[in-house]
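Student: 3D model of this:
(one chain, ligands or ions: 1)
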Amino acid sequence: NYRCRSAFKLLEIDDKHKVLHPGLSVIDCGAAPGAWSQVAVQRVNALGTDPNAPVGFVLGVDLLHISPLEGAVFLPNADITDPVTLKKIQELLPTERADVILSDMAPNATGIRELDHQKLINLCLSLLDLSQSILRPRGTILCKFWDGREAHLLQNRLTEHFQDVRTIKPQSSRKESAEIYYLAKLYNHGVKHQKHR
Ligand code: SAM
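Tutor: Just a heads-up that it's a prediction; the model follows:
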């Protein structure tokens, strides 16, 4: 039983693109109410349910409270854009860096599409700053954004830092919704790749 239907989006993306597997260390940004964390706990074997597979780790972060979940560590009342949050994440991570950063974050929607779009792009951009300190080389980011004029800025920043950046629109996401995901794999720490065309 998942806490929220959003679980099915992550399951679908992961089935197809193989983001999570046993033993990985995952940070779930915007984790409340916790459905993505539930999926992550299963897929990285955070509870050691499969005794023959490596045991992973899941840390969920959100502005809101999150009910406890076996196999996950939560950091509630935490703003991902706040430097204090970065410190706390580093304290809670068992490994120096995470293998995967998931973000299903969404700002409180104003209803003004352009503004909501910009706010979410900015949130995603702050994930890139965070990555510098907590994502391991060759790591992965999966982040949700609402489509709009500034999506290309985020895509450009991602392609500067990741070797493989894809745009994903899950089937289980409502057709009329503007939500899309970027899946960025193979993080190269700060190294900028000059694109040859
Ligand atoms: N993936 C979650 C699940 O499956 O249960 C649902 C996430 S919900 C769509 C978006 C969440 O992003 C909200 O709980 C919101 O509080 C959180 N959020 C928005 N801005 C944030 C920020 N700056 N820092 C941390 N969390 C944030």
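Student: From now on I want contacts and neighbour counts done on CA atoms only, so please keep to that.
Tutor: OK.
Student: those strands in this structure, which residues are they?
Tutor: 25-29, 57-61, 72-75, 98-103, 135-146, 162-168, 179-187 (DSSP state E).
Student: Sheet-wise, list the partners of the fifth one with their directions.
Tutor: Using DSSP bridges, strand 135-146 pairs in its sheet with strand 98-103 (parallel), strand 179-187 (antiparallel).
Student: The ligand is nearest to which of those?
Tutor: If you check each of the strands paired with strand 135-146 against the ligand by CA to the nearest ligand atom, strand 98-103 wins as the nearest, at 7.2 Å.
Student: Report whether that closest one contacts the ligand.
Tutor: No. Judged by CA under 6 Å from any ligand atom, strand 98-103 makes no contact with the ligand; its nearest approach is 7.2 Å.
Student: go on, stretch 36-54?
Tutor: Yes. Using CA under 6 Å from any ligand atom, stretch 36-54 reaches the ligand at Trp36.
Student: I'd like the strands paired with strand 135-146 laid out as TSV, including mean pLDDT.
Tutor: Formatted as TSV, those follow (pLDDT from 0 to 100):
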stretch	mean pLDDT
strand 98-103	98
strand 179-187	97
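Student: What's opposite the most centrally placed residue in the chain in the beta bridge?
Tutor: Centroid-nearest residue in the chain: Leu102, 1.3 Å away (criterion: CA atoms, centre = their mean). Beta-bridge pairing of Leu102 under DSSP bridges involves Asp28, Leu142.
Student: can I assume it is in contact with Gly139?
Tutor: No. With contact defined as CA atoms under 8 Å, Leu102 does not reach Gly139; the gap is 11.1 Å.
Student: Can you give me the separation between the residue nearest to Asn108 when sequence neighbours are not counted and the ligand?
Tutor: Nearest residue to Asn108, sequence neighbours excluded (CA to CA, 6 or more residues apart in numbering): Asp116, at 8.0 Å. Counting by CA to the nearest ligand atom, to the nearest Å, the separation of Asp116 from the ligand is 11 Å.
Student: how long is stretch 13-29 end to end?
Tutor: For stretch 13-29, the first-to-last residue distance is 17 Å (CA to CA, to the nearest Å).
Student: I'd like the average pLDDT over that stretch.
Tutor: Across stretch 13-29, the average pLDDT comes to 98.
Student: Buried residues in it, which are they?
Tutor: 13-14, 19-29 (16 or more other CA atoms under 10 Å).
Student: and which of those is nearest to the ligand?
Tutor: Distances from the ligand to these, taken by CA to the nearest ligand atom, are shortest for Cys29, at 5.9 Å.
Student: tell me which parts of this structure are close to the ligand?
Tutor: 4, 6-7, 29-36, 61-64, 78-81, 104-107.
Student: Among the residues you listed, which lie within helices?
Tutor: Assigned to helices by DSSP state H, the following of those qualify: Ser6, Ala7, Ala35, Trp36.
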